[in-house]
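J.: let's see this in three dimensions:
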Amino acid sequence: MIYDMFGEEGLKTQWEVGARLKTPQELREEFQSQLRLKKEQELDSSVKPRSDIQINIDASQLFNPYDGPSRPVSRRTRLSFSDILSNIEMTQLFLKHSHEVPINDNTQASFVGQMMSRNGVGGGNVVGTLRHTFSPKFWAEIGISVAQPRILSIKGFYAIDTDSFLTVNSQSHTINSPPTINITCGRRLGTNITGYLTYKTGAWTLGPWGKDESSLFARREKSAIAVGLSGGYNKSGYSFELQTGIIQSHISASYNRKLANDYQIRGSTTLSTTNGLIVSIGGDHKVTTNSRVAIYLDFGFPTGLTFKFRFSRLGQKITIPVNISSEFDSGLIFWSTIIPVVTICALDQLILDPRRKKTRAKKLAALRDRHADYITTQKREAAETLRLLRPSVERKIDAERDKDGLIIVEAWYGNIVQQIKEDVPLKDCNYAIDVSIPLQALVNDSQLIIPGGRSKSSIMGFFDPCMGEPKQLKIKYIFKRKLHEITVDDTAPIALPLRSHIIPNDR
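T.: Numbering: from 1, shown residues only. This next block holds a predicted model:
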């Protein structure tokens, strides 16, 4: 049918496998949607446009205003709107845009344009980079800026083996001094952890080359060595680094974790000899398919307090750091943490979450109305199947009881999670059905085996009681006169009996 309607192009499209519920018109609409998405992905992968806008705002005077050069205003003094605007200042604006052009399968060229304005003084540059992949283990790139300051950079990566890698990054600011070189060697230490060692040469000399003190002062890079660990699991990640150097030494650690409903929290801390103690906490949330919103709070001693807001969509990103205080203030830190968290939670729970639920309920209602005839037919066929299976199932139960075998006491299929939330008996739910008879019919020699990978609504005697919602299968059974219970997801495999299913009070 797909080939007859769309030809070879339709066979190349990724169709969602499921029950035969879609009309030719719905198939046509899905094909057009998939085709548009494929073209957008091909265009994005060929050009890879990326934009980054950062607007630094200083609002420290708003939270600690001064009336005149030395006399502070009382904190009880109300500020007018014009006073608020006059106490907010944009201190820095940074813009960056890049795109990539593939030359062939192994070579790509990228162009990056960036500009920065700080306190009324700014500049910009354009950097061109050429990257070539020599083999699956080795790639290298070279880049050069067009305007002053002219910087030449060379970077290479080599995979020593499946567990080890080497990265070399070199930058040259002037021909009067040797280039700075950063060398990183890493190795996988375990399934979920990788260790690395980094050496930074900083500004160095080679005989008379690089002895010009003015050039060394202008470059400011100093030698350092760092060792670190990074790893992650299914829903979390972490990193740790220890660096010692001529100018700066630091200890840093970070942790991130994914939560439910597309939330992610992150935290990091750094203790350094130059910036003191800095702590960063925050999180981000996926608001649409391609958009995320993040909020972070950076505070430390003696750096003060900075609030960051970031919005990203596809390859475009806008970041707004707001400097709230230039000094450490525990009261501001407390309220700067509580107010955004309470505001976001209230916004999500009172506005966004009800809107999502309402939209989802409308889509589910429309889906079920569109397939009402199909659902009715499946329900009627399942009822007829149960009527035919009942006599043979009763005989099988008697045979299993005689040898203390596997007997299905009760089994329910549907949205069991929703039933648990609402605390409603399963027999009274309209989104769960009794499937004890068809499951008992599948018992063979005191064993029940159901492969995974597909919905259980296709099993004989089953049907989908809550189309469009996540479903689970809850089984309570007796084996060797002991009561067992298990709940599995719709597409998960099942193997009964297992000792781990024994109800604790029945062990």
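
J.: mind listing what Gly405 touches?
T.: Contact analysis of Gly405 by CB atoms under 8 Å, 6 or more residues apart in numbering lists Ala399, Val443, Ser446, Phe479. For the C-beta atoms, the positions are set from N, CA and C on the backbone; glycine is no exception.

J.: tell me if it really is in a strand.
T.: No: assigned with DSSP: H, G, I helix; E, B strand; the rest coil, Gly405 falls outside any strand and is coil.

J.: got the phi and psi for it?
T.: Gly405 adopts backbone torsions of phi -90, psi -150, taken as degrees, to the nearest 10.

J.: would you check how far apart it and Leu483 are?
T.: The gap separating Gly405 from Leu483 is 14 Å, by CB to CB, to the nearest Å.

J.: in strands, which of the contacts of Gly405 fall?
T.: In strands, defined here by DSSP state E, the members of the contacts of Gly405 are Phe479.

J.: can you mark which positions in the strand or helix carrying Val293 are buried?
T.: Per DSSP states H and E, Val293 falls inside strand 291-301. Neighbour-count burial for strand 291-301 flags Arg292, Val293, Ala294, Ile295, Tyr296, Leu297, Asp298, Phe299, Gly300 (criterion: 16 or more other CB atoms under 10 Å).

J.: tell me the average confidence for it?
T.: When pLDDT is averaged over strand 291-301, the result is 88.

J.: next: stretch 364-373.
T.: Rounded mean pLDDT across stretch 364-373 is 79.

J.: next one: it to chain centre, how far?
T.: Chain-centre distance of stretch 364-373: 32 Å, with CA atoms, centre = their mean, to the nearest Å.

J.: gap between the nearest residue to Ala159 once chain neighbours are set aside and Tyr158?
T.: Leaving aside its sequence neighbours, Ala159 sits nearest to Lys137 (CB to CB, 6 or more residues apart in numbering; 4.2 Å). Shown here: Lys137 relative to Tyr158, a distance of 6 Å by CB to CB.

J.: please apply the same query to Lys222.
T.: Taking CB to CB, one finds Lys222 at 27 Å from Tyr158.

J.: need the strands for the stretch 201-350 of the chain, in chain order.
T.: 224-232, 236-245, 250-258, 263-272, 276-286, 291-301, 304-313, 316-325 (DSSP state E, counting those that start in this stretch).

J.: restricting to C-alpha, output the third one in PDB.
T.: This file holds the C-alpha atoms of strand 250-258, laid out as PDB (Å, rounded to 0.1, in the frame of the first residue of the first chain):
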ATOM      1  CA  HIS A 250      41.800  24.900  41.100                       C
ATOM      2  CA  ILE A 251      39.600  22.100  42.100                       C
ATOM      3  CA  SER A 252      36.300  21.700  40.400                       C
ATOM      4  CA  ALA A 253      33.400  19.200  40.400                       C
ATOM      5  CA  SER A 254      30.100  19.100  38.600                       C
ATOM      6  CA  TYR A 255      27.000  16.900  38.600                       C
ATOM      7  CA  ASN A 256      23.900  16.700  36.400                       C
ATOM      8  CA  ARG A 257      20.800  14.600  36.500                       C
ATOM      9  CA  LYS A 258      17.700  14.100  34.300                       C
END
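
J.: can you pull the buried residues of it?
T.: Of the residues in strand 250-258, those buried (16+ other CB under 10 Å) are His250, Ser252, Ala253, Ser254, Asn256, Arg257.

J.: for the residues you listed, give me CSV that also has distance to Val146 and pLDDT.
T.: Formatted as CSV, the buried residues of strand 250-258 follow (distance: CB to CB, whole Å; pLDDT from 0 to 100):
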residue, distance to Val146, pLDDT
His250, 34, 95
Ser252, 34, 96
Ala253, 39, 97
Ser254, 35, 96
Asn256, 37, 93
Arg257, 42, 91
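
J.: including distance to Arg50, could the residues you listed go into JSON lines?
T.: Shown next, in JSON lines, are these (distance: CB to CB, whole Å):
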{"residue": "His250", "distance to Arg50": "29"}
{"residue": "Ser252", "distance to Arg50": "26"}
{"residue": "Ala253", "distance to Arg50": "28"}
{"residue": "Ser254", "distance to Arg50": "23"}
{"residue": "Asn256", "distance to Arg50": "22"}
{"residue": "Arg257", "distance to Arg50": "26"}
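
J.: give me the longest helix you can find in this protein.
T.: In the chain, with assignment by DSSP state H, the single longest helix is helix 372-402.

J.: pull out the buried positions in that one.
T.: Buried-residue list, helix 372-402, by 16+ other CB under 10 Å: Tyr374, Ile375, Gln378, Ala382, Thr385, Leu386, Leu389, Val393, Lys396, Ile397, Glu400.

J.: how about stretch 339-349?
T.: For stretch 339-349, by 16+ other CB under 10 Å, it's Pro340, Ile344, Asp348.

J.: name the nearest residue to the first one, ignoring sequence neighbours.
T.: Sequence neighbours aside, Ile295 is the residue nearest to Pro340 in space, at 5.6 Å (criterion: CB to CB, 6+ apart).

J.: do the same with the last one
T.: Across the structure, with CB to CB, 6+ apart as the measure, the residue nearest Asp348 apart from its sequence neighbours is His285 (7.8 Å).

J.: I'd say the one you found and Ser291 touch.
T.: No: the criterion here is CB atoms under 8 Å, and His285 misses it with Ser291 at 9.6 Å.

J.: for Gln92, phi and psi?
T.: phi -150, psi 140.

J.: contact partners for it?
T.: Gln54, Ile55, Asn56, Met116, Ser117, Arg118, Asn119.

J.: mind doing that once more with 6 Å?
T.: Taking CB atoms under 6 Å, 6 or more residues apart in numbering, we find Gln92 in contact with Asn56, Arg118.

J.: now swap in the one 10 residues further on and tell me
T.: Contacts for Pro102 were tallied using CB under 6 Å, 6+ apart; they are Gln108.

J.: partners of it in the sheet?
T.: Under DSSP bridges, the beta-bridge partners of Pro102 are Gln108.

J.: going forward, count from 52.
T.: Done: numbering now begins at 52, and the last item shifts to Pro153.

J.: from Leu181, how far off is it?
T.: 12 Å.

J.: same check on Lys531?
T.: Taking CB to CB, one finds Lys531 at 70 Å from Leu181.

J.: one more: Lys430?
T.: 63 Å.

J.: just to revisit the earlier point, ok now the longest helix of the chain, how far from the chain's centre?
T.: 44 Å.

J.: so the residue lying closest to His552 once chain neighbours are set aside is in which element?
T.: Using CB to CB, 6+ apart and skipping the chain neighbours, the partner closest in space to His552 is His535 (3.9 Å). Applying DSSP H and E as the criterion places His535 in strand 533-540.

J.: buried residues in that strand, which are they?
T.: His535, Ile537, Val539.

J.: and Ile135, which of the three is it?
T.: helix.

J.: lowest-pLDDT helix or strand in this structure?
T.: For the chain, the helix or strand with the lowest mean confidence is strand 122-123, at a mean of 46 (criterion: mean pLDDT, DSSP states H and E).

J.: and the contacts of stretch 277-291?
T.: 243-249, 292-294, 304-309.

J.: same deal with stretch 176-186?
T.: 157-164, 190, 192-194, 196-198.

J.: quick one on the thing from earlier: what's the strand holding Val344 packed up against?
T.: In terms of contacts (3 or more CB pairs under 6 Å, 6 or more residues apart in numbering; DSSP states H and E), strand 342-352 is packed against strand 327-337, strand 355-364, helix 381-398.

J.: kindly export it (C-alpha atoms) in CSV.
T.: These are the backbone C-alpha positions of strand 342-352, laid out as CSV (Å, rounded to 0.1, in the frame of the first residue of the first chain):
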residue,chain,number,x,y,z
SER,A,342,13.5,24.3,22.6
ARG,A,343,14.9,24.4,26.1
VAL,A,344,14.9,27.0,28.8
ALA,A,345,17.6,27.1,31.5
ILE,A,346,18.1,29.1,34.7
TYR,A,347,21.3,29.2,36.7
LEU,A,348,22.5,30.9,39.8
ASP,A,349,26.3,31.5,40.2
PHE,A,350,27.5,32.8,43.6
GLY,A,351,30.8,32.8,45.4
PHE,A,352,33.3,34.6,47.5
